[in-house]
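Trainee: build me a model from this:
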Amino acid sequence: MVGRIALVGPTTAVARSFEARLAPRFPESRVLPVSLTRFLSDRRAPTRVVLCPAGLGLADDLAFLADSRRRALWPAPGADLFRAIAGLRGSHDEPPVGAMPSAATRSGRRTALLLEGDVTSERARGAASSAAPRQWIAERVQRVRIEEPLLEELRRLGIRWSVLEPVEVVGLAASLSLARARRRWARLLPSSVPVWVIPAGSKFEVRGSK
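Mentor: Alright, predicted model coming up:
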């Protein structure tokens, strides 16, 4: 089966403007241009993505990368929790590469709240008001159907999210100015992510569609 890779931009039009340049890098895969909003709402979205900031201004590109990190690039749970959950679900999946041991509580135990299926605002508020652990594990970011204000409220309450199917960034399509400003966004993406500089004028014209 041919794999799928999402080209994720601030809008679908932006993502589509990169398609002709990026598709040849993935000859065995189908590339799907989508907006970040659409990517987060699609329960069947690919787990491999190329981030495609618009390249129209450094501040906007940095904001897009920060939004992507905050809302889409959630880590996998620690390797021990991942294996425990896999066992409960009858799966033999191994933790993603780089998964670290989970932080232990004062009692020495590692605990988390597994939220299978869709995580709605009502469900999240109920869990937050209970004595549930503050580490929450969802199946994937697309199953967390919560608006940004509530997500921020949960963060302030100490909720830490992880997902069983983390998004893998396989590349960043960057303007020259964004590539040169790496120090300003390096903490947002893994250091191993390749950066492909797309020169000005090499993309299709991007208009103000969503």
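Trainee: got the buried residues for the helix of greatest length in the chain?
Mentor: The single longest helix within the chain, with elements called by DSSP state H, is helix 58-71. Of all the residues in helix 58-71, those buried under the rule 16 or more other CB atoms under 10 Å are 58, 61-62, 64-65, 67-69, 71. Every residue, glycine included, has its C-beta placed from N, CA and C.
Trainee: can you give me the helices for this structure?
Mentor: For the chain, helices defined by DSSP H occupy the ranges 12-17, 19-22, 36-41, 58-71, 79-88, 121-128, 148-156, 176-180, 182-185.
Trainee: let's have those helices in TSV, adding distance to residue 137.
Mentor: Formatted as TSV, these follow (distance: least, CB to CB, whole Å):
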stretch	distance to residue 137
helix 12-17	29
helix 19-22	32
helix 36-41	18
helix 58-71	17
helix 79-88	7
helix 121-128	12
helix 148-156	14
helix 176-180	32
helix 182-185	27
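Trainee: so which of these gets nearest residue 112?
Mentor: Nearest to residue 112 among these is helix 79-88; the distance by CB to CB comes to 5.5 Å.
Trainee: report how many residues lie close to residue 191.
Mentor: Residue 191: 7 surrounding residues under other CB atoms under 10 Å.
Trainee: distance of it from residue 169?
Mentor: Separation of residue 191 from residue 169 (CB to CB, to the nearest Å): 11 Å.
Trainee: ok, residue 157 next?
Mentor: To residue 169, residue 157 is 28 Å away according to CB to CB.
Trainee: ok, the two, which is more surrounded?
Mentor: Using other CB under 10 Å, the more surrounded residue of residue 157 and residue 169 is residue 169, with 22 against 10.
Trainee: apart from its neighbours in sequence, what residue is nearest the more buried one?
Mentor: residue 193 (5.0 Å; CB to CB, 6 or more residues apart in numbering).
Trainee: list the contacts of that neighbour.
Mentor: Shown in contact with residue 193 (CB atoms under 8 Å, 6 or more residues apart in numbering): 169-172.
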